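Asker: requesting a structural model of the entry that follows:
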Amino acid sequence: MNYLRIPIKWIILATLLLLVISPLGVSHIGFCPSEMRFVSDEDKIRNVVKFIIFKRTSVDKFITDNPGCCRIGPEPGEYDEPTFFRRYRGVISDIVVVEYDRNYLDATVAKNSIRKTQYAVNWCGKISRNFL
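Answerer: I've put the predicted structure just below:
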């Protein structure tokens, strides 16, 4: 019989290569390894909005009140994130930009301003604490 003989060093090299490449592959398709599911851009945006509003209103109401408020991707020229290394490690998968009307009281006078913020999110759509 003729068996295919593959040297053990090639098997080890192929295994190591797979281990190095696979995290990079899953990071670009939106897979969250800890939750074993795919995370959509909408999930990432909703997680950031939930963090911003902090129980003041619902996420759906915030998005309805601020149409077009949120998008994926940093403002041009402001950040060099996500870097290749951070994306590979899963620290930062994307940047979520949120622009919304901010209503507040200033010495009993109601004021309104537009606020624009950017948040880094990891593979699972959670806000990354290791941004800077």
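Asker: helices along this structure, start to end?
Answerer: 8-29, 41-53, 59-65, 84-89 (DSSP state H).
Asker: what comes up buried for the last one?
Answerer: Taking 16 or more other Cβ atoms under 10 Å as the basis for neighbour counts, the residues of helix 84-89 that come out buried are R86, R87, R89. Where C-beta positions appear, they are placed from N, C-alpha and C, glycine not excepted.
Asker: same check, this time on the third one
Answerer: Neighbour-count burial for helix 59-65 flags F62, I63 (criterion: 16+ other Cβ under 10 Å).
Asker: which strands and helices sit next to it?
Answerer: In this structure, helix 59-65 makes packing contacts with helix 41-53, strand 94-106, judged by 3 or more Cβ pairs under 8 Å, 6 or more residues apart in numbering; DSSP states H and E.
Asker: and the first one, how far out from the chain middle?
Answerer: Relative to the mean C-alpha coordinate of its chain, helix 41-53 is positioned 10 Å out (Cα atoms, centre = their mean, to the nearest Å).
Asker: ditto for stretch 118-132
Answerer: Going by Cα atoms, centre = their mean, the spacing between the C-alpha centre of stretch 118-132 and its chain's C-alpha centre is 6 Å.
Asker: stretch 52-60 too?
Answerer: Mean-position distance between stretch 52-60 and its chain equals 19 Å (Cα atoms, centre = their mean).
Asker: hmm, who's touching that stretch?
Answerer: Here stretch 52-60 makes contact (Cβ atoms under 8 Å, 6 or more residues apart in numbering) with R46, V49, K50, F62, V98, Y100, T117.
Asker: using CSV, write out every CA atom in that stretch.
Answerer: The C-alpha trace of stretch 52-60 is given here as CSV (Å, rounded to 0.1, in the frame of the first residue of the first chain):
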residue,chain,number,x,y,z
ILE,A,52,-24.4,56.3,26.8
ILE,A,53,-28.0,56.5,28.0
PHE,A,54,-27.4,54.5,31.2
LYS,A,55,-31.0,53.8,32.2
ARG,A,56,-32.3,57.2,31.3
THR,A,57,-34.4,56.0,28.3
SER,A,58,-34.6,53.0,26.1
VAL,A,59,-32.2,52.2,23.3
ASP,A,60,-35.0,52.2,20.8
